[in-house]
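**Student:** sequence and predicted structure, then a few things I'm wondering about:
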Amino acid sequence: MRGHRDLVVWQASKRLAKRVYELTKSLPREDLYTIGSQIRRASVSIPCNLAEGSTRRSKKEFAHFVSIARGSCAELQTLIELCVEFGIVADDAELSGEIDEVARMLFGLERSVRDVRASKVQTSEPEN
């Protein structure tokens, strides 16, 4: 596998994290240190897990880290939705779309990594 910087989903998730950081700068002080901190951690976790996973020796380990990134993405989606419901931030369809796009990309990446593993298992010859 090439490096994590070559992954389109890593690039997109890094842009998303930057956008989320900009959004959280406008949070009220009491929310910045509570939910804002959690939002920031979830957004940064996505590209960081992709980077870490890409350095692992096996596709199975990489798939595990992609799965963790998917979990962080779902957490981020939930936190943003809660902020909208709490009236902390305005509904931002563009941001929601970016999060959804990263989630789809992560799902596709995980599926392709797992499919590579599954096809290798299916095509391997039985041992004697």
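**Tutor:** Sure thing, it's come through. Residues are numbered from 1 along each chain as shown.

**Student:** and the gap between the closest residue to Asp91 other than its chain neighbours and Leu7?
**Tutor:** Among residues not flanking Asp91 along the chain, Val84 sits closest, at 4.9 Å (Cβ to Cβ, 6 or more residues apart in numbering). From N, CA and C alone the C-beta is placed, and that goes for glycine too. Using Cβ to Cβ, to the nearest Å, Val84 is found at 29 Å from Leu7.

**Student:** of these two, who's got more company?
**Tutor:** Leu7 (21 against 15; other Cβ atoms under 10 Å).

**Student:** about what we covered before: find me the pLDDT at the residue nearest to Asp91, would you?
**Tutor:** pLDDT for Val84: 95.

**Student:** that one and Thr78 touch, don't they?
**Tutor:** No - assessed by Cβ atoms under 8 Å, Val84 is found out of contact with Thr78, at 10.8 Å.

**Student:** so the most centrally placed residue in the chain is in which element?
**Tutor:** Nearest residue to the geometric centre of the chain (Cα atoms, centre = their mean): Ile46, 3.4 Å. Using DSSP states H and E, Ile46 sits within helix 37-54.

**Student:** repeat that for Ile80.
**Tutor:** helix 59-86.

**Student:** and Asp91, by the same measure?
**Tutor:** Applying DSSP H and E, one finds Asp91 in no helix or strand.

**Student:** who does the lowest-mean-pLDDT helix or strand in the chain touch, helix- and strand-wise?
**Tutor:** Using mean pLDDT, DSSP states H and E, helix 93-123 stands out as the lowest-scoring helix or strand of the chain, at a mean of 84. Judged by 3 or more Cβ pairs under 8 Å, 6 or more residues apart in numbering; DSSP states H and E, helix 93-123 is in contact with helix 8-25, helix 59-86.
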